[in-house]
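> got a predicted structure plus its sequence, pasted below:
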Amino acid sequence: MPAAVRGGSRGQAKPPTKAPQRAVRPATSGRQAASPVREAHGPSAATVLSATAAVLTLVLGVTLMTGHRGQRLVSTIATGVQARTGAAGFRLRTIEVQGASNLATADIVRAAAVYKNQPMLGLDLNALRKRVESVGWVKEARVVRLLPDTLVLAVVQRRQMAVWQHAGRQVVIDDHGKTIPEADPAHFTTLPLVVGEGGAEHAPEILPVIAQRPKLMGQMDALVRVDDRRWDVRMKDGSLIQLPAEGVENALMQLEHLDQRSRILELGFDRIDLRNPEVVAVRPRQNQPPVVAPAATGA
């Protein structure tokens, strides 16, 4: 809305050769405060949008008639349109990131590669969405342009499942075993540790099974992938539980039955071998009474 309103009455009649004069009424202070970011004599937003639509229609017609010869004209007109809409206030002032953690937000904004005061109508939303989805934190994204000055980046963030240690380095993986390069493992010390080649790929298969057993999960230090075939559960006290390549859930049920009978997880052990579904082999700690391991039942 223009801050100044033209008006006033005509003066006395002048000779026909002279144009009539008009008085300019100064804008009130209240009207100036209502639109502090717009120029005093600039066009309104509605006027700019109407003019932009008309120009774009003209551009389309010229392009259809001239083919490749009209590309330069189209580029020139598009630049002018962006400048005109920018002058009317359609420039980027605010970026809202929705659905992302504080750690992910900075990486998402950086990947968006937009800048303050950038013309809003010049943003390529599809290209912007692809840049946001290239960030490891992001599973999918939606980009919304809210005129006159706000850009919304709504994302679905990938769930961090574990820290994978392999070849001397650690990375955070999601619940599909995919790495999240931007995630610093030092910030995720409460996540389970998965070690070894193939660990990331197969972690989504075993971690939900372990998580169903809070007592075991609470004492677990790491899941170690052995020969990319099976798992060892390394406990916080240094003991080891050897799991089979197949039938992991049945083996863990055997461990639960053993613990119910002998409180093996509380008393401690050196090693429990569950690789043979017929026999549970238990190696007690040194100077500890041997534990009688019952043969596997139908469980």
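Structure received. Residues are numbered from 1 along each chain as shown.
> from here on, contacts and neighbour counts on C-alpha atoms
OK.
> ok, and the closest non-adjacent residue to residue 96?
residue 152 (4.7 Å; C-alpha to C-alpha, 6 or more residues apart in numbering).
> quickly list what that neighbour is bridged to.
Applying DSSP bridges to residue 152 gives these bridge partners: residue 96, residue 144.
> residues making contact with stretch 122-137?
The contact list for stretch 122-137 (C-alpha atoms under 8 Å, 6 or more residues apart in numbering) reads 82, 104, 107-109, 111-113, 138-144, 157-158, 179-183.
> filter those down to the buried ones.
The neighbour count (16 or more other C-alpha atoms under 10 Å) marks 82, 104, 107-109, 111-112, 138, 140-143, 157-158, 179-180, 183 as buried among those.
> give me the subset of those residues lying in strands.
138, 140-143, 157 (DSSP state E).
> identify the farthest-apart pair in those residues.
Farthest-apart pair in these is 143 and 157; separation 14.4 Å (C-alpha to C-alpha).
> which residues sit in contact with residue 95?
For residue 95, the contacting residues are 150-153, by C-alpha under 8 Å, 6+ apart.
> now it, nearest residue through space, not along the chain?
Excluding its sequence neighbours, the residue lying closest to residue 95 (C-alpha to C-alpha, 6+ apart) is residue 151, at 4.9 Å.
> cool, residue 97 as well?
Residue 97 sits nearest to residue 153 (C-alpha to C-alpha, 6+ apart), 4.8 Å away.
> neighbours of that neighbour, just the number please.
Number of residues near residue 153 (other C-alpha atoms under 10 Å) recorded here: 23.
> tell me if I'm right that it and residue 94 touch.
No. In this structure residue 153 lies outside contact range of residue 94 using C-alpha atoms under 8 Å: 10.9 Å.
> where do the helices sit along the stretch 101-250 of the chain?
102-112, 125-133, 199-211, 214-219, 248-262 (DSSP state H, counting those that start in this stretch).
> now those in JSON lines, with mean pLDDT and distance to residue 166?
Shown next, in JSON lines, are the helices of the stretch 101-250 of the chain (pLDDT from 0 to 100; distance: least, C-alpha to C-alpha, whole Å):
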{"stretch": "helix 102-112", "mean pLDDT": "96", "distance to residue 166": "24"}
{"stretch": "helix 125-133", "mean pLDDT": "98", "distance to residue 166": "26"}
{"stretch": "helix 199-211", "mean pLDDT": "97", "distance to residue 166": "8"}
{"stretch": "helix 214-219", "mean pLDDT": "96", "distance to residue 166": "21"}
{"stretch": "helix 248-262", "mean pLDDT": "95", "distance to residue 166": "23"}
